[in-house]
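Undergrad: task: produce atomic coordinates for the following.
(chains A and B)
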Amino acid sequence: MLALSVHNLSVQYQQQKVLENIHFQVPKGSITGIIGPNGAGKSTLMKAILGLVPITKGKVDVLEQPFTQQKDLIGYVPQRSEVDWDFPINALDVVLMGRYKHFKRFRPISKQEKDLAMTFLKEIGMEKYATRQISQLSGGQQQRIFLARALAQNTPIYFMDEPFAGVDAATEKMMIQLMKQWKNDGKTVIIVHHDLQTVQEYFDHVLLLNKKTIGCGKTSDVFHPQNIERTYGGSLTFPPSIAGSSL
Amino acid sequence: MITEWITLLESPNFRWVMIGSLLLGFSSGVIGCFVYLRKQSLISDGMAHATLPGVAFMYILFQNKSLPVLLIGATVTSLLATSFIQMIIKQTKLKTDAAIGVILSVFFGFGILLLSYIQQNMSGNQAGIDSFIFGQAASIVKNDVYTIGVVSLLVLLLTVIFFREFYYTTFDFTFSKGIGIPVKWVNGLLFSLLVAVIVIGIQMVGVVLIVALLITPSLAARYWTDSLGKMTVISGTFGAISGLIGTISSSVIQNLPTGPMIVLTASVLFFISLLFGSKRGMVVRRLAR
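TA: Presented below is the predicted three-dimensional model:
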């Protein structure tokens, strides 16, 4: 079964083509990386699929149904730089945002919901920081709070925009471990990713993107030097682990 | 002095004005929290300045000082200015601050032009129209207080109902859209409430200084709490205190405009908070080290 399938999607800002005829598919229960250089349109692609930026044409299916009927099925973890971390809010309240749909108007958030949010904090090892202001958390801790919020949404598909940016190595390892666990539970994780070194280790599927689709499929089939060179325009020296493989 | 106070407090009209300033101060303090956290202080200042030509134009057109009529004009030119600002940002490569700077001064300048036209060419009772620049509580009558009071209460009611939506969209707009909050409606509503507060506030505080009654109380409140809910209540209280003290002092002392007194009071509260605020005040921070 396909978690996500995108047909001929194009995005244009004023006169400039940002994405052209993007075409790709992501199977259910996979961890897929969206890989490409700066300005390739990776974040834009994610936002276009979610309807956060207008598309000029194209079609998006989620779990084999048109996206407009399936909006609730995707949890989105934005780039950390997109919010004001000096905002007056604590860690638990950020996680509770993911439970919005279950809240009742005019009533305070129930203890049940708060307990549930606490279990998500526990899952990412942040329960000690529940009442801590987000401004007093480190970059890695802030990113983990975002993950817990996504957990609270409890959607079958997750979109994450550069979740490892500004995160220390130990936290990154812990986060990817958690995502692999989600995958084993049948969830699908799609990640905008920067670091070519870890692609083979993290993702079973990749989409190579540079304004157009360069390649899409199993990492072992698609992620080879020729494709990477086409994606990055040949200005790249490959780490030995990639250069040695599959050529 | 004391006899002046007593006559003032005995005047029923003044009691009405006090209630009006209290409600206006509270509602603008509450809405101001969202404006400040959304980093829209500057654009709200542009919106406030842009109300002046609307007020003057309606006065010329209808030769009437009835507040609702003037406020409709204020709303129209304020919205016009906002859309011009957005158009400039979209169509040119100018940054937001430059676009606001241009539009603010054009609208305000045009408003002053219309005011001098009124003073030179129109007979009849024109007193009080120029008080819209720096605000004059003394020019407010009971009917105006009704308008101010009803709009303030409506603003507060809607903020209570949609508090969670305002809160979430202010913190994380894209995520809010993802969890099914109708973000366009929420933004539109919050923007309307901002316009409403500005428009009902210009007569008392003046177009030049109303932004201070919006922003300063919320800045001060941030020093006392880490929770947005408490912040809005504290900010509203600071706004109400500022409104009240400003109105009283400007009424006791002859020829003192109200706006500057309100803003001075709010600023004193801000400096006290900056120093002694229980969460982020300088003293607390120094002690914590």
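Undergrad: hey, let's count contacts and neighbours off CA atoms from now on
TA: Fine.
Undergrad: and the strands in chain A?
TA: Along chain A, counting by DSSP state E, strands occupy A:2-13, A:16-27, A:31-35, A:57-62, A:65-66, A:74-77, A:157-161, A:188-193, A:205-210, A:212-218.
Undergrad: where among those strands is average confidence lowest?
TA: Sorting the strands of chain A by mean pLDDT places strand A:65-66 lowest, at a mean of 82.
Undergrad: pLDDT on the strand or helix carrying residue B:22, on average?
TA: Using DSSP states H and E, the element containing residue B:22 is helix B:12-37. Throughout helix B:12-37, pLDDT has a mean value of 92.
Undergrad: show me what contacts whichever residue of the stretch 51-200 of chain B sits closest to chain A?
TA: In the stretch 51-200 of chain B, the residue that lies nearest chain A is residue B:172 (5.8 Å; C-alpha to the nearest C-alpha). Residues counted as contacts of residue B:172 (C-alpha atoms under 8 Å, 6 or more residues apart in numbering or on different chains) are A:82-83.
Undergrad: I'd like to know which of the strands of chain A is closest to residue B:234.
TA: For those, the distance to residue B:234 is smallest for strand A:74-77, at 32.3 Å, taking C-alpha to C-alpha.
Undergrad: need the CA coordinates for that closest one. CSV is fine.
TA: What follows is strand A:74-77, C-alpha atoms only, in CSV (Å, rounded to 0.1, in the frame of the first residue of the first chain):
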residue,chain,number,x,y,z
ILE,A,74,-0.4,13.6,8.3
GLY,A,75,1.5,15.0,11.3
TYR,A,76,3.9,17.8,10.5
VAL,A,77,7.1,18.7,12.4
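Undergrad: can you list the strands that that strand pairs with?
TA: Within its sheet, strand A:74-77 is paired with strand A:157-161 (parallel), according to DSSP bridges.
Undergrad: residues contacting the partner strand, please?
TA: A:3, A:43, A:46, A:73-79, A:150, A:187-193.
Undergrad: between that strand and strand A:188-193, how big is the angle?
TA: 10 degrees (axes from the mean of the first three to the mean of the last three C-alpha atoms, to 10 degrees).
Undergrad: OK, contacts around residue A:74?
TA: Contact analysis of residue A:74 by C-alpha under 8 Å, 6+ apart lists A:155-159, B:178.
Undergrad: give me the pLDDT value at residue A:247.
TA: 41.
Undergrad: what's the ChimeraX syntax to select whichever of the contacts of residue A:74 are buried?
TA: Here is the ChimeraX command that selects the buried residues among the contacts of residue A:74 (16 or more other C-alpha atoms under 10 Å in any protein chain shown):
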select /A:156,157,158,159 /B:178
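Undergrad: so which of the contacts of residue A:74 comes closest to residue A:106?
TA: Scanning the contacts of residue A:74 for proximity to residue A:106, where the rule is C-alpha to C-alpha, the winner is residue B:178, at 22.1 Å.
Undergrad: hmm, the closest one is touching residue A:76, no?
TA: Yes: Residue B:178 sits in contact with residue A:76 when judged by C-alpha atoms under 8 Å, with a separation of 6.7 Å.
Undergrad: ok, back up a step: for PyMOL, write a command that selects the buried ones of the contacts of strand A:157-161.
TA: Selection of buried members from the contacts of strand A:157-161 for PyMOL, criterion 16+ other C-alpha under 10 Å:
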select buried, chain A and resi 3+43+46+73+74+75+76+77+78+79+150+187+188+189+190+191+192+193
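Undergrad: helix or strand: which one has residue B:280?
TA: Residue B:280 belongs to no helix or strand when elements are defined using DSSP H and E.
Undergrad: what number of residues lie near the closest residue to it other than its chain neighbours?
TA: The shortest distance from residue B:280 to any non-neighbouring residue, by C-alpha to C-alpha, 6 or more residues apart in numbering or on different chains, is to residue B:223 (4.7 Å). Number of residues near residue B:223 (other C-alpha atoms under 10 Å in any protein chain shown) recorded here: 21.
Undergrad: so who does residue B:223 touch?
TA: Residue B:223 sits next to B:273-274, B:277-281 when contact means C-alpha under 8 Å, 6+ apart.
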